[in-house]
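**Student:** I'd like to go over a predicted model; first the sequence, then the structure.
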Amino acid sequence: MGMKEGGKIFRGDVRLNVELDDGSHSGYLPAQNATQFQIQVPEAETTDRTSRMRDTAGQVLDSVSEPQPHELSITFDGFNGQLLASAFNGALEHFTASAKTGETVQITARVGAGVQVGSYQISEVTVSEDDGGSPGAELVEGTDYEVEERLGMIRALEGGSVEDGDTLHVTFDAEEVTGDMIRGAARSEIRGELVFDGIDTVTGQSVVIEIDRVILSGSGEFDFLSEEFATVDVGGRMVTLPGELEPYRIRFLD
């Protein structure tokens, strides 16, 4: 039967199989909401042999056209970790910050500003003056300093006994914290495979686009404080694999 004739309005899911740093692949990630999926077909590059002869000057004697690489642009407004990492040309990793009990660190105080102690979710905090490299007299929370537990920060208070630049000793407990981390600008590009699982809503015919290899990178701005749903824009080129005659195929299923 082949492709059904008529007007075309497509809807579908974009799935990426991302190449990881160790050369393995993520597997095709669950579909997120792609609001734009464009294949851009540039004009062919044409080289003409133009006549300089008396009777045909200016006319084309021979012409050769070379197709140019097709490009891809995708906009997502739903995310998984790999897609969000692609917005920042980043690498996605899992991280663990170990739990600590009775940890003591030295910090340089800043009056009115927070100073990190190197852990998140801290508790049981005591802050002491420096006594020749060792903890000295204990300071008073709420008078000399404040604690921002979640970020693990100590802020010296104006009017307290701490002066800007003083060395302080901070003793604390910290919970174990785990999660995902995007290392921004850690990669110049995202490589992988792509499948578009679509439908022609006019005819009801299923459409599958298979791209053997894509090289993508993030582009544009990502506004963390936008009042609209955040979007990720990625774009790039398709690569023809060895032994293949084309970089992608559009299949209309019977």
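**Tutor:** Arrived safely, thanks for sending.
**Student:** From now on I want contacts and neighbour counts done on CA atoms only, so please keep to that.
**Tutor:** Noted.
**Student:** ends of stretch 4-18, how far apart?
**Tutor:** 33 Å (C-alpha to C-alpha, to the nearest Å).
**Student:** Count residues in the vicinity of residue 211, would you?
**Tutor:** Residues near residue 211, counting by other C-alpha atoms under 10 Å, number 20.
**Student:** Run me through the strand neighbours of the one helix or strand it maps to, direction for each.
**Tutor:** For residue 211, the host element (DSSP states H and E) is strand 205-218. Strand 205-218 has its sheet partners listed here by DSSP bridges as strand 190-200 (antiparallel), strand 232-238 (antiparallel), strand 248-252 (antiparallel).
**Student:** what's the host helix or strand of residue 170 packed up against?
**Tutor:** For residue 170, the element it lies in under DSSP H and E is strand 167-174. Other helices and strands packing on strand 167-174, by 3 or more C-alpha pairs under 8 Å, 6 or more residues apart in numbering; DSSP states H and E, are strand 100-108, strand 122-131, strand 134-138.
**Student:** that older thread, going by neighbour count, which residues of the strand holding residue 211 are buried?
**Tutor:** Buried positions in strand 205-218, judged by neighbour count with 16 or more other C-alpha atoms under 10 Å: 205-209, 211-218.
**Student:** Now do the residue positioned nearest the centre of the chain against residue 75, distance only.
**Tutor:** The structure's the chain has its C-alpha centroid closest to residue 85; by C-alpha atoms, centre = their mean the separation is 2.1 Å. Using C-alpha to C-alpha, one gets 14 Å for the distance from residue 85 to residue 75.
**Student:** quick one on the thing from earlier: am I right that the residue nearest to the centre of the chain is in a helix?
**Tutor:** Yes. Counting by DSSP: H, G, I helix; E, B strand; the rest coil, one finds residue 85 located in a helix.
**Student:** hang on, the earlier thing: just curious, which of the buried residues of strand 205-218 is nearest to residue 125?
**Tutor:** Checking those against residue 125 with C-alpha to C-alpha, the nearest one is residue 218 at 41.8 Å.
**Student:** so who does that closest one touch?
**Tutor:** Residues in contact with residue 218 (C-alpha atoms under 8 Å, 6 or more residues apart in numbering) are 86-89, 189, 232-235.
**Student:** With residue 174 instead?
**Tutor:** Contacts of residue 174 by C-alpha under 8 Å, 6+ apart are 98-101, 119-123.
**Student:** Now do the lowest-mean-pLDDT helix or strand in the chain: everything it contacts.
**Tutor:** Every helix and strand in the chain was compared by mean pLDDT, DSSP states H and E; the lowest is helix 81-87, with a mean of 87. With contacts defined as C-alpha under 8 Å, 6+ apart, helix 81-87 is touched by 18, 91-92, 180, 182-184, 190, 217-219, 222, 232-234.
**Student:** out of the residues you listed, which are buried?
**Tutor:** Here, 16+ other C-alpha under 10 Å leaves 18, 91-92, 182, 190, 217-219, 232-234 buried among the contacts of helix 81-87.
**Student:** Go through the residues you listed and name the one nearest residue 169.
**Tutor:** residue 182 (31.6 Å).
**Student:** helix or strand for the closest one, which one?
**Tutor:** Take DSSP H and E as the rule and residue 182 turns out to sit in strand 177-183.
**Student:** and that strand, how far from the chain's centre?
**Tutor:** 13 Å (C-alpha atoms, centre = their mean, to the nearest Å).
**Student:** Check which helices and strands it sits against.
**Tutor:** On a contact count with 3+ C-alpha pairs under 8 Å, 6+ apart, strand 177-183 meets helix 81-87, strand 91-97.
**Student:** Report the separation between the residue lying closest to residue 182 once chain neighbours are set aside and residue 191.
**Tutor:** Leaving aside its chain neighbours, residue 182 sits nearest to residue 92 (4.6 Å; criterion: C-alpha to C-alpha, 6 or more residues apart in numbering). Separation of residue 92 from residue 191 (C-alpha to C-alpha): 14 Å.
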